[in-house]
Structures are given as C-alpha cells and as structure tokens.
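Chemist: sequence unknown, structure follows:
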Ligand SMILES: [Zn+2]
C-alpha cells in the first residue's frame with residue numbers, strides 16, 4: 001500500500017515536471033523564433049549584419065548628437081585600425097544623411113559616429129539631383145540604411161546665395177554655380193511668401209528648412225521603391241537642422 005502510494009506520488013511529480021518542462025521549452029523556442037523572425041538580416045558576399053529599424057536609427061543619431069553637443073564624445077566611436085579591419089568584410093550603415101557640403105557640418109562628427117555607420121551624400125544646399133537619388137537608393141535598397149535624414153544648417157551659403165541671386169540675377173557666378181543656386185530659389189520664395197516682413201537672417205533659416213522639406217518630399221516622389229518602403233513603415237525620411245552655435249541638431253517631420 002505504501003509502495004503503491006509512493007509510485008502514484010512519483011508518477012504525478014514526473015507528469016507535472018514534464019508539463020512544466022514542455023511549456024517552458026515551447027515558450028522559449030517560440031520566443032527565439034519570433035526574435036529571429038523580427039530582425040531583418042542583411043547578407044552580401046559572405047558579410048552579414050542585422051538591419052537597424054528606422055526608429056532605433058533615429059534614437060542612435062539623437063544620442064550621438066547629444067554626445068557631440070555636450071562634448072562627451074566616445075573615446076573611439078569606431079575609427080581605429082581594428083574598426084577598419086572589421087569593415088574590410090563589408091559595410092552596414094544604419095542611416096543615410098543627405099547634407100550640405102559646408103565644411104563646418106561634417107555629419108560623422110555631429111553624430112559622433114564611426115566608420116561604416118553613416119552613408120553620407122553631400123552637395124551644396126543638400127539638394128536632390130539624379131545621382132544623389134541613386135546614392136540614397138543604393139543605401140536603402142542594396143544596403144542596410146532604413147533611415148534617410150536630409151540635413152540643412154545654420155548660415156547656409158548656398159541658400160544665402162540663392163536669395164541674393166534672386167534679387168540680382170545679373171551678378172551670377174559660373175554656369176555650374178548658377179545652376180546649383182537656381183535650384184534653391186523656390187525654397188527662398190516659399191519662405192518669403194509665408195512672412196512678408198521677415199528679416200534676412202530668418203528668411204535664410206526658414207528657406208533652409210523649407211528646402212529640407214522639399215527635398216524629403218522629392219525623394220519619395222522620385223523613387224517608387226523608396227516610396228513603397230516608406231508606405232510599409234520599413235523606411236523613414238526625416239528633416240534635420242544643424243545649429244553651429246550649440247552643435248545641436250533639431251529633427252522635424254517633412
Ligand atoms: Zn550649406
């Protein structure tokens with residue numbers, strides 16, 4: 001009698017143990033499968049990397065800019081010989097930055113970023129030309145960038161020149177320079193129309209932001225694959241304004 005009670009007791013314990021084990025095993029395996037399924041993996045020529053989602057990429061840029069503006073930059077953000085060695089296998093940038101060529105605003109420094117982290121495209125006035133769009137498309141369609149930032153800045157010479165050229169077209173520069181400046185005139189006109197009593201400094205600042213918004217919209221209008229990615233939530237495009245006084249970058253929806 002005692003023996004049979006003992007046998008029943010151990011059988012119950014064994015069954016309970018089996019139930020707990022099975023539940024834990026399947027819960028944990030479901031979690032890991034879900035985790036693997038959520039993450040997008042990028043693979044190219046034997047190089048692989050996890051793709052960083054746009055929301056996370058934006059947080060990383062904001063954190064990097066906070067470090068830069070408060071002068072607590074990373075000791076090594078990833079620019080060492082060792083970093084270069086790792087990057088020999090491939091690149092996995094987490095954001096694309098279309099920025100002005102102005103020498104005072106290098107995106108890698110303003111975002112405290114290392115090699116292989118930012119896919120940077122630059123020209124005077126951070127404008128969208130066909131080759132600019134091609135570079136941006138490459139980073140999002142054939143590489144790992146899922147965040148596009150169009151970044152204007154304080155005291156932009158290209159925008160200032162566009163405002164001047166608009167008033168005195170007879171005082172143009174070279175044909176190539178005139179063509180760059182002319183493309184920026186619509187942004188100045190829109191900024192000026194919004195406030196007829198605007199000061200010159202405010203006009204330039206507003207035109208910089210207007211140009212950023214126009215370029216953000218033009219990227220989506222010009223590229224069907226990027227438009228589809230954006231509509232599905234896989235890609236984000238945001239505007240940004242870099243301030244030289246504070247070193248801070250303000251992000252805004254285009
Ligand atoms: Zn500029």
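Modeler: That came in fine, so what should we check first? Owing to the predicted nature of the structure, the values given are computational and were not obtained by experimental measurement.
Chemist: got the phi/psi numbers for residue 42?
Modeler: Here is the backbone geometry of residue 42 (degrees, to the nearest 10): phi -100, psi 130.
Chemist: so it is in contact with residue 143, correct?
Modeler: Yes: using CB atoms under 8 Å, residue 42 is in contact with residue 143, at 7.2 Å. Placement of C-beta: from N, CA and C, glycine included.
Chemist: okay, those two: which has more neighbours?
Modeler: The residue with more neighbours, out of residue 42 and residue 143, is residue 143; 19 against 16, by other CB atoms under 10 Å.
Chemist: the more buried one reaches residue 47, doesn't it?
Modeler: No: the criterion here is CB under 8 Å, and residue 143 misses it with residue 47 at 10.6 Å.
Chemist: who touches both of those two?
Modeler: Common neighbours of residue 143 and residue 47, counting by CB atoms under 8 Å, 6 or more residues apart in numbering, are residue 92.
Chemist: what is the helix or strand encompassing residue 191 packed up against?
Modeler: Residue 191 is part of helix 175-194, with elements assigned from DSSP states H and E. In terms of contacts (3 or more CB pairs under 8 Å, 6 or more residues apart in numbering; DSSP states H and E), helix 175-194 is packed against helix 157-167, helix 200-222.
Chemist: can you confirm whether that helix lies near the ion?
Modeler: No: Helix 175-194 lies out of reach of the ion by CB under 5 Å from the ion, never closer than 9.5 Å.
Chemist: next up, the contacts around residue 182.
Modeler: Going by CB under 8 Å, 6+ apart, residue 182 touches 162, 165.
Chemist: could you check the pLDDT of the residue of the stretch 101-250 of the chain found nearest the ion?
Modeler: Closest approach of the stretch 101-250 of the chain to the ion (CB to the ion) occurs at residue 156, with a separation of 3.4 Å. pLDDT, residue 156: 97.
Chemist: that one: neighbour count?
Modeler: Residue 156: 24 surrounding residues under other CB under 10 Å.
Chemist: same question for the one 10 residues further on.
Modeler: Residue neighbour count, defined by other CB under 10 Å, stands at 16 for residue 166.
Chemist: before we move on, back to that, between the helices and strands packed on helix 175-194, which one is closest to residue 102.
Modeler: helix 157-167 (6.6 Å; CB to CB).
Chemist: tell me what the closest one is packed against?
Modeler: helix 175-194, helix 200-222.
Chemist: who in the stretch 101-250 of the chain is up against the ion?
Modeler: Looking at the ion, the residues of the stretch 101-250 of the chain close enough under CB under 5 Å from the ion are 102, 156, 158.
Chemist: if you set the cut-off to 8 Å instead, what comes out?
Modeler: 101-102, 105, 124-126, 152-153, 155-159, 208 (CB under 8 Å from the ion).
Chemist: for this structure, name the helix or strand with the lowest mean pLDDT.
Modeler: Ranked by mean pLDDT, DSSP states H and E, the weakest helix or strand in the chain is helix 2-38, scoring a mean of 44.
Chemist: in the stretch 51-200 of the chain, which spans are helices?
Modeler: 54-69, 81-87, 107-110, 130-141, 157-167, 175-194, 200-222 (DSSP state H, counting those that start in this stretch).
Chemist: nice, that's everything, thank you.
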